[in-house]
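Undergrad: Give the three-dimensional model of this entry:
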Amino acid sequence: MHDKSNDMTAPGRVRAAAFAALALGAMLASAAQAQHYPVTPGQRATAQQVASRGVPLSELAANAPDTYVVKRGDTLWGISGMYLQRPWRWPELWGMNLPHLIYPGQTLYLEKADGYARLRTSPAGAGGTETVRVSPRTRYDSLADSALPTLKMHLIEPFLVEPLVVDELTLEQAPRIVATRDERVIMASGDRVYARGPQGSPLELEPGVPRQYRVFRNAVALKDPDTGEVLGHEAQYLGRAELVRGEAIEPVPGAKDGEADIVPATLDLSGAKEAIRAGDRLLPAPQRSYLNFVPHAPQAPVQASVVSIYGSDAVANAGQNQVIAINLGAQDGMDAGLVLQLRTRGERIKDKTDEDRAMIRLPSEANGLAMVFLTFDRVSYALILQAGRGVRVGDRLVNPE
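TA: The predicted structure follows:
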């Protein structure tokens, strides 16, 4: 039998091994971060004991239905708000009998007993497994794909692949675009561009090496608004690129001394959000996956701050359905689905009633809710679910009340 591993050049095998090692490292880092969650065993046991009872009847929304048939287009957050005054108590409403996925066609049953309420997918006292009725589809969908998302996916889906928090060195050492076929300064979707890998690691079209890339520009430092510490660098997402031909070395015609030219790799651009130019960087595109997470409150006290408003340097205030970056990440216990309360940072004003005109800071005030949906090591991204006033850099995020 032919050994296909021998088809790969030595540099190609090294790069494939490096990518495999990076993937393994990411998985191990993720596991390590999960174990680093700052919740004590006692806190977790108490939370589980409280949640197993369900929620007090006083926590139910005024018009919480006794039964509800899940519809396509529903979200977990929307259904949570239908049943609860405080939607982040969704896990308690299930009494810890939390289904991982909920599907259109399922009927939800509200069970009330001994002053508490719990939600089930079968009537009280019914045994067996519920049958979920789904409408015929003209194409195959996996079961996970038909499950209810936590949030409306069109609001967060672009951010699941666009924001990238890296260290400066990662971007500096990434492959770079060097030219375009027509020698234009600015490139867009449909254009063909040429790129080179870092020294000693050319872009080659080899088995096991990525073909799909994302294009980024200048990583902007994300600074903690409280301490000024750099938490990471957010690279600006520009579009996608597909590698169609690898770098090569070609001898110079007529040269007698073995002189050779470097021929850069060829890539085709697509999905450009902004103009792409020489010097922009390429990083392998991540594999897209279905995200299933549940709205929940933190199990430990949280004190976070807004680091930036994603996507625009010109906007000073963010509102509902906008994305913000916060100064806590996976190593601090942030995870997808975590609901936090937004609090405005109190204005610093001069006390005109004081003859010395002392400077004072007004108290912070509750301003709405945000849900974490994407975490990096020290930074997380959250969607603003509700906001009474504009959200600004420096505003606080704390446990919901």
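Undergrad: Now do the strands in the stretch 51-200 of the chain.
TA: For the stretch 51-200 of the chain, the strands defined by DSSP state E, counting those that start in this stretch occupy 55-56, 67-69, 107-113, 116-120, 164-166, 176-180, 186-187, 192-196.
Undergrad: Please read the previous query as pertaining to the stretch 251-400 of the chain.
TA: Going by DSSP E, counting those that start in this stretch, the stretch 251-400 of the chain shows strands at 260-263, 265-270, 276-277, 281-284, 303-309, 323-326, 339-344, 348-350, 359-361, 365-375, 380-387, 396-398.
Undergrad: Of all these, which one comes closest to residue 149?
TA: strand 365-375 (10.3 Å; C-beta to C-beta). Quick note: C-beta positions are derived from backbone N, CA and C, even for glycine.
Undergrad: Could you check how far the closest one is from the centre of its chain?
TA: 14 Å (C-alpha atoms, centre = their mean, to the nearest Å).
Undergrad: follow-up on the earlier one: mean pLDDT and mean neighbour count for the strands of the stretch 51-200 of the chain - can I get that in CSV?
TA: Listed next are the strands of the stretch 51-200 of the chain as CSV, based on pLDDT from 0 to 100; neighbours: other C-beta atoms under 10 Å:
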stretch, mean pLDDT, mean neighbour count
strand 55-56, 93, 18
strand 67-69, 96, 13
strand 107-113, 93, 16
strand 116-120, 92, 21
strand 164-166, 84, 20
strand 176-180, 92, 18
strand 186-187, 82, 18
strand 192-196, 95, 20
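Undergrad: Distance to residue 87 for those strands - can I get that in TSV?
TA: Formatted as TSV, the strands of the stretch 51-200 of the chain follow (distance: least, C-beta to C-beta, whole Å):
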stretch	distance to residue 87
strand 55-56	11
strand 67-69	15
strand 107-113	15
strand 116-120	13
strand 164-166	28
strand 176-180	45
strand 186-187	44
strand 192-196	46
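Undergrad: among those, which is nearest residue 401?
TA: Among the strands of the stretch 51-200 of the chain, the nearest to residue 401 by C-beta to C-beta is strand 55-56 (15.4 Å).
Undergrad: unless I'm mixing things up, residue 206 is touching residue 247, no?
TA: No. When contacts are counted by C-beta atoms under 8 Å, residue 206 is not listed as touching residue 247 (10.9 Å).
Undergrad: what about the two, which has more around it?
TA: Set residue 206 next to residue 247 and count neighbours by other C-beta atoms under 10 Å: residue 247 wins out with 20 against 16.
Undergrad: tell me the contacts of the more buried one?
TA: 196-197, 202-204, 262-265 (C-beta atoms under 8 Å, 6 or more residues apart in numbering).
Undergrad: and which of those is nearest residue 343?
TA: Nearest to residue 343 among the contacts of residue 247, counting by C-beta to C-beta, is residue 197 at 46.2 Å.
Undergrad: residue contacts, the closest one?
TA: By C-beta under 8 Å, 6+ apart, the neighbours of residue 197 are 175, 203, 247, 265.
Undergrad: and of the strands of the stretch 251-400 of the chain, who's closest to residue 57?
TA: strand 339-344 (21.6 Å).
Undergrad: which other helices and strands contact that closest one?
TA: strand 365-375, strand 380-387, strand 396-398 (3 or more C-beta pairs under 8 Å, 6 or more residues apart in numbering; DSSP states H and E).
Undergrad: Determine which of those approaches residue 303 most closely.
TA: Proximity to residue 303, assessed across the helices and strands packed on strand 339-344 by C-beta to C-beta, is greatest for strand 396-398 (6.2 Å).
Undergrad: Show residues contacting that closest one.
TA: So strand 396-398 is contacted by 301-306, 326, 340-343, 345, 364, 370, 382 (C-beta under 8 Å, 6+ apart).
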